[in-house]
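Participant: here's a sequence, model it:
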Amino acid sequence: MPKSKKPRYRQKLPQKTRILVLTESGYKCAVPNCRTILTLNIHHIWEVEFGGGDGPENLIALCPTCHSQYHQGIIHSDSIYLWKSMLVAISRAFDLEAVDLLLFLRQCTKDFLIVNGDGLLHFARIIAAGMANVERKANNNWQIVTYAVNISKKGKQLIDAWRDGDQTRLKQVLGGPVPGMDKVGNLPSKARRLKK
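Facilitator: Residues are numbered from 1 along each chain as shown. Below is the predicted model of the structure:
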């Protein structure tokens, strides 16, 4: 990557910016297989030395372990771009609780989670979006009705594409271009230049 012509040094991020980035990730590591909540770093997606800015669109929350793995080359930069895109897309479509519920349901076996009507309401957003399915399980003379909540095929595909950092599968699930990428599915031309 070519360094920017004007050397720019890292500056302390404004508190408002840090809060925006942390809120976007739900105060958790943005790596979907991690989601650590204890200590978080704010990572520049396009690094400062290569001209990356300090705006929230160029920042992502990572735990110290994932941040270190990125700089060691264990986590690829394409995954970071995709995870950021996913956070933006998901946070606009769902609240943070819905994102956590999707991650939770992806780990559950079929019919593991049985809820009553009040519990079902917690899953309303992801059910309405087709990310989870609901099936009535028991009806005790309409006094206590229970439902099984399971992640749908579309929900599995979304979470798996997010975890794997797979842009193609993500586009297929979302039915269009990934936020932050052009219509063909490439990073913006500036980002492609910086990556080379």
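Participant: beta partners of the nearest residue in space to Ile144 that is not next to it in sequence?
Facilitator: Excluding the flanking residues, the one nearest Ile144 by CB to CB, 6 or more residues apart in numbering is Asn116, at 6.5 Å. (Glycine included, C-beta is placed from N, CA and C.) Here Asn116 sits in beta bridges with Thr146, going by DSSP bridges.
Participant: in stretch 18-25, which residues are buried?
Facilitator: Arg18, Val21, Leu22, Glu24, Ser25 (16 or more other CB atoms under 10 Å).
Participant: switch these over to JSON lines; also include pLDDT, secondary structure and distance to Asp95.
Facilitator: Below are the buried residues of stretch 18-25 laid out as JSON lines (pLDDT from 0 to 100; DSSP: H, G, I helix; E, B strand; the rest coil; distance: CB to CB, whole Å):
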{"residue": "Arg18", "pLDDT": "92", "secondary structure": "helix", "distance to Asp95": "20"}
{"residue": "Val21", "pLDDT": "92", "secondary structure": "helix", "distance to Asp95": "17"}
{"residue": "Leu22", "pLDDT": "91", "secondary structure": "helix", "distance to Asp95": "15"}
{"residue": "Glu24", "pLDDT": "87", "secondary structure": "helix", "distance to Asp95": "12"}
{"residue": "Ser25", "pLDDT": "87", "secondary structure": "coil", "distance to Asp95": "13"}
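Participant: for this structure, what's the longest helix?
Facilitator: helix 77-93 (DSSP state H).
Participant: centre of the chain versus it, how much separation?
Facilitator: Chain-centre distance of helix 77-93: 5 Å, with CA atoms, centre = their mean, to the nearest Å.
Participant: now for that helix, which elements pack on it?
Facilitator: Helix 77-93 sits against helix 15-24, strand 59-62, helix 153-164, helix 167-174, with contacts defined as 3 or more CB pairs under 8 Å, 6 or more residues apart in numbering; DSSP states H and E.
Participant: pLDDT of that helix, averaged?
Facilitator: What helix 77-93 shows for mean pLDDT is 80.
Participant: next helix or strand past it?
Facilitator: helix 96-107 (DSSP states H and E).
Participant: flag every buried residue along that following helix.
Facilitator: Ala98, Val99, Leu101, Leu102, Leu103, Leu105, Arg106.
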